[in-house]
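Participant: generate coordinates for the sequence data below:
(2 chains)
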Amino acid sequence: MTREGHARKYTGPSVGTSRAKSCFVEILARAPTTCLHCGETVPSDAKRFCCAGCEFVFSLLSRSGLDGYYQIRDSKPKAVSPSADPFAYCDDLEFIQALSGDGRTLDFFLEGVDCTACVWLLEKLPELCTDAEQARLRLGTSRLRVRRAPGGSFAKIAQTLDRLGHRPRPVPTETEATRAELAADRKDLVRLGVAAFATGNIMLLAVSLYAGADGVWAEKFRWISAALAVPVLSLSAMPFYRSAWAALRNGRLNIDVPIVLAVVVGAGVSIHGLWSDAETLYFDSLAMLILLLLASRTWLKRLRRTYLDASDVDRQLLAGTILKQDSTGAWKGASSLSLRAGDTLSVPAGQFVPVDGVVIESGIVQNAALTGESTAESRSVGDPVGAGAKVLSQNLVLKAATDFGHSRLSKILREAERDALHKPRWIQFSDRVAQAFVIAVMLIAAATFAAFAATDPSEGARRALALIIVTCPCVFGMAIPLSFSLAIREAARRGIVVKNADLFERLENVKAAIFDKTGTLTEGEMRVTEATGLDDLEAVEAVLALEDGQAHPIARAIREFLSASRLKVPTALDVRPLVEGGIKGRVNGKIWCLVPAMAPNSEEGLFSRVHVLCDGRVRMEILVQDRLKPGARAAVRWFGDNGLTVYILSGDHPSTVALCARQLGLDEKSGTVMARLSPEQKTRIVRRLGPGTLMIGDGANDAPALAAASCGIAVHGAMDVSLKVSDAYVMGKSLDSIRALFEVALRTRRAIRRNLAFSATFNVLAGGLAVAGLMTPLWAAVLMPLSSVSVLVSALAGASSSSSPAEGRR
Amino acid sequence: MNVIWFLMPVALMLGFGFLMAFIASARSGQYDDLETPAHRILLDDHRIERKEK
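Facilitator: Predicted structure coming up:
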């Protein structure tokens, strides 16, 4: 490839079709030989990529029409770290002591781990990197436990993992929480093992008793059964006793109370029967009941952990590698997870500030996650900066005010999740029903026993016992809360934070979907959509030089677009703002001007046209537009297809709103598209549209409208403020999450109704059979856990039918 | 049939022995990760061939 001055035809993988992009690639054809994807220098002149991986990703993006990626991604060079190795801190003695139990084993949390191939590749680590002696992967938690070879370096291991495509994050090998969890799991298994052993053997003996063994055999077998039942009733049943006791102490009844009652009564009757040579003993039924219930609860706990593992939202958002200043003043790469209050850190461009803090060296940030404003703000020495702020300048140096994970944003995210389950109407309702259910069952059981008390007390006891065992309010106590938890998780996974599970119910009745425009349907940010004169390298350099360091959104948009050309940015001198708008300065001896070609308030509305002038001649023309958000068109279409009327209420200029409506495929004359509205007018219209309204808007500006609608979804805006007035908050830019929300709500409603129907039928039928004497306690002990398991399986199936556990974990 | 008085305790002790083995394996952490071993058994053990040398 030669460096010639004229345009060359690009012959690589086909890149997007827009004029801007194809010109772009022609620039790149003449740029110094750097990889088109990652910017690393290319080994030989003939290649465009440094490796097959980059080539693959580039062609994948191009083929999918996603080459906008190169415009969007932050291409400012990352802050130069004193040590070129971002993982050097892994070899730091203090770090190893803190995170590794024995100095030789270290756990890494890896991104992108979800399949068998990953297991194979990662466990082959010792062959790829001699510093590792052994590597074991846990798919469930995406953790790789690596044992270092004697004299080996964790940093090299981390580098290898990074190169394999899984960004590694060292995590503490064992924390109090994980150790306690592990111990609890193992205890569960022991309990289960004991119960299984005892039940199996009791059943063996019971078979012979049922078959008619009598005399000395029967007596001995009964005593042995009793002896085997002791560990089950004491050790294995402990969790139920504890749970029932906790509920009773608070004056409430939960689903474990009737179980404990059954166990206690059954055991009492059986022991008494043992002494007094009564006809039937219930050790087999009780042991079976405890075994099956324990099995289903343990299984449910494990499943809950897979689907509902600890909230990673704030970690995913905020954890990363930053530079931390140690006691000697030297800068070292460190993991955000290790930050403590008082640490001095430097956050590179494009990354989020991981903790709340005070600025030491000024820089420019963007606080979209906290305040919803996407404008660049400068922060000077002494200014506070919150976790979640995105760094726009080269870097930002600050002193941490909180430990990692204790910032305001972390608290918000965690609280939002917790509050979402805090007494939604459905859960309050199901609590009350469960209590009523339990009381009713106990009354019926007592009545049954009383009916037989005079004539045949053992028959009465048998029927009462069977009744108490077989009926179960597990739908209310377990399945409904589980369904809601799963739904909220699923929604969060697909980009929506749901404040209250009530929303799922209310979404069913929505008839009108009302959108705000700026910031809701559109990105609210300027992006370059067209550019001419891109082959004029001198002009491109000049523009980059002039816009360097400018905080204006248009400047940033132009800078982001052009800097993907990876040209060296010369220095601009004498940069001055112009009276009529734009700026002018001197680059490489020539005077350049950037001027808006049309007044900002013109009919063109959404976009701005910028001309790049030198010596009075227009060298470049750049069009900057506020784009529709990804998923906007699809969302509007989906609403239309599902019978919802779509409205757009905006405070913006009518022609802008009309243009937006047209882009979305809506008829701007149908009366559903309204412009120049004040917030009060919007609220009035929302109210007028009656019940069944879904408002989607900005948490700050549209707060009254969001509150007035039946369902409010906040998009873009400070999360905590938004959640005060709305029912859900969309994280990220795509509006696909709204569609996902509807899908999740529908599935959850269906699952809950299905479970309610099943549970009602089962309880009535089985309870009836028990009272009629047609069900022995043993059958009851088998059927009840089966019914609760099937209800739980139904809840799980209803919640996440499309995502496998592996995907969910990502 | 009196042999049953001998066989019963033996059977129970056998079962008890297995229970102890289970408890020991649970305590030593063999059941901590039930998912990855399922993938691991599908994978071959042979080492990666080194291309250059």
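
Participant: contacts, neighbours, all on C-alpha from now
Facilitator: Noted.

Participant: chain B: helices as residue ranges?
Facilitator: Chain-ordered helices for chain B, with DSSP state H as the definition, fall at B:4-27, B:36-40.

Participant: for stretch A:439-459, what is the distance to the chain centroid?
Facilitator: Centre-to-centre, stretch A:439-459 and its host chain are 51 Å apart (Cα atoms, centre = their mean, to the nearest Å).

Participant: same thing with stretch A:508-521?
Facilitator: Put simply, stretch A:508-521 sits 23 Å off its chain's centre (Cα atoms, centre = their mean).

Participant: list the buried residues for it?
Facilitator: If you call a residue buried by 16 or more other Cα atoms under 10 Å in any protein chain shown, then stretch A:508-521 has these buried ones: A:510-521.

Participant: could you do stretch B:5-23 as well?
Facilitator: Taking 16+ other Cα under 10 Å as the criterion, stretch B:5-23 shows B:15, B:19, B:22-23 as buried.

Participant: that stretch near chain A at all?
Facilitator: Yes - Stretch B:5-23 lies in contact with chain A when judged by Cα under 8 Å from any Cα of the partner chain; the contacting residues are B:12, B:15-16, B:19, B:22-23.

Participant: just to revisit the earlier point, out of the helices of chain B, which gets the lowest mean score?
Facilitator: If you rank the helices of chain B by mean pLDDT, helix B:36-40 sits at the bottom with a mean of 82.

Participant: may I have that helix as PDB, with CA atoms only?
Facilitator: Extracted C-alpha coordinates of helix B:36-40, given in PDB (Å, rounded to 0.1, in the frame of the first residue of the first chain):
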ATOM      1  CA  THR B  36     -18.800 -26.900  35.300                       C
ATOM      2  CA  PRO B  37     -18.000 -30.500  35.700                       C
ATOM      3  CA  ALA B  38     -20.800 -31.300  33.400                       C
ATOM      4  CA  HIS B  39     -19.000 -29.300  30.700                       C
ATOM      5  CA  ARG B  40     -15.600 -30.500  31.700                       C
END
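
Participant: on that earlier part again, as TSV, the buried residues of stretch B:5-23 with distance to A:Thr280 would be great.
Facilitator: Rendered in TSV, the data for the buried residues of stretch B:5-23 read as follows (distance: Cα to Cα, whole Å):
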residue	distance to A:Thr280
B:Gly15	26
B:Leu19	28
B:Phe22	32
B:Ile23	32
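
Participant: so which of those residues would you say is closest to chain A?
Facilitator: Each of those was scored against chain A by Cα to the nearest Cα, and B:Ile23 proved nearest at 5.5 Å.

Participant: nearest residue to that closest one in space, please, no chain neighbours.
Facilitator: Nearest residue to B:Ile23 in three dimensions, chain neighbours excluded: A:Val190, at 5.5 Å (Cα to Cα, 6 or more residues apart in numbering or on different chains).

Participant: pLDDT score assigned to that neighbour?
Facilitator: So, for A:Val190, pLDDT stands at 95.

Participant: and it, how close does it get to A:Gly357?
Facilitator: As defined by Cα to Cα, to the nearest Å, A:Val190 lies at a distance of 47 Å from A:Gly357.

Participant: compare the two (neighbour count), which wins?
Facilitator: Between A:Val190 and A:Gly357, A:Gly357 has the larger neighbour count (other Cα atoms under 10 Å in any protein chain shown), namely 26 against 22.

Participant: residues from chain A in reach of chain B?
Facilitator: Chain A comes close to chain B at residues A:116, A:119-120, A:124, A:127, A:137-140, A:182, A:185-187, A:189-190, A:193-194, A:197, A:201, as judged by Cα under 8 Å from any Cα.

Participant: so which of these belong to strands?
Facilitator: With strands identified by DSSP state E, the entries of the residues of chain A next to chain B that belong to them are A:137-138.

Participant: out of the helices of chain B, which comes closest to A:Gly690?
Facilitator: The stretch from the helices of chain B with the least distance to A:Gly690 (Cα to Cα) is helix B:36-40; that distance is 53.1 Å.

Participant: neighbouring contacts of the closest one?
Facilitator: Contact partners of helix B:36-40, identified using Cα atoms under 8 Å, 6 or more residues apart in numbering or on different chains, comprise A:116, A:119-120, A:137-140.

Participant: buried set for it?
Facilitator: When burial is assessed from 16+ other Cα under 10 Å, helix B:36-40 yields the following buried residues: B:36, B:39-40.

Participant: just to revisit the earlier point, pull the most distant pair out of the contacts of helix B:36-40.
Facilitator: Across those, the two members that end up farthest from each other (Cα to Cα) are A:Trp120 and A:Gly140, 15.1 Å apart.

Participant: most centrally placed residue in chain B?
Facilitator: For chain B, the residue nearest the mean C-alpha position is B:Ser25 (7.1 Å; Cα atoms, centre = their mean).

Participant: chain A now?
Facilitator: The residue lying closest to the centre of chain A (Cα atoms, centre = their mean) is A:Arg493, at 3.8 Å.

Participant: that one and chain B: what is the separation?
Facilitator: In this structure, A:Arg493 lies at 22 Å from chain B, with Cα to the nearest Cα, to the nearest Å as the measure.

Participant: same question for A:Leu409.
Facilitator: Distance, A:Leu409 to chain B, using Cα to the nearest Cα: 33 Å.

Participant: nearest residue to that residue other than its sequence neighbours?
Facilitator: Spatial nearest neighbour of A:Leu409, excluding adjacent residues (Cα to Cα, 6+ apart): A:Ala387 at 6.2 Å.

Participant: got the contact list for that neighbour?
Facilitator: Listed by Cα under 8 Å, 6+ apart, the contact set of A:Ala387 reads A:318, A:352-357, A:407-409.

Participant: returning to that earlier point: nearest residue to the residue nearest to the centre of chain B in space, please, no chain neighbours.
Facilitator: Nearest residue to B:Ser25, sequence neighbours excluded (Cα to Cα, 6+ apart): B:Tyr31, at 7.6 Å.

Participant: in the stretch 351-500 of chain A, which residue sits nearest chain B?
Facilitator: Chain B sits closest to A:Leu486 of the stretch 351-500 of chain A, with a gap of 20.7 Å, by Cα to the nearest Cα.

Participant: next, count neighbours for B:Arg27.
Facilitator: Taking other Cα under 10 Å as the criterion, the count of residues near B:Arg27 is 18.

Participant: likewise for the one 4 residues further on?
Facilitator: The burial count assigned to B:Tyr31 is 13, neighbours taken as other Cα under 10 Å.

Participant: burial count for the nearest residue to A:Ala728 once chain neighbours are set aside?
Facilitator: In space, and not counting its chain neighbours, A:Ala728 is closest to A:Val498: 4.4 Å by Cα to Cα, 6+ apart. For A:Val498, the neighbour count with other Cα under 10 Å is 27.

Participant: repeat for A:Val579
Facilitator: A:Val579 has 7 neighbours, counted by other Cα under 10 Å.

Participant: looking at this, it is in a helix?
Facilitator: No - if the criterion is DSSP: H, G, I helix; E, B strand; the rest coil, then A:Val579 is coil and not within a helix.

Participant: how near is it to A:Val113?
Facilitator: As for A:Val579, its distance to A:Val113 is 55 Å (criterion: Cα to Cα).

Participant: same question for A:Gln366.
Facilitator: From A:Gln366 across to A:Val113, the span is 31 Å (Cα to Cα).

Participant: check A:Leu443 too.
Facilitator: When Cα to Cα is applied, the distance between A:Leu443 and A:Val113 equals 53 Å.
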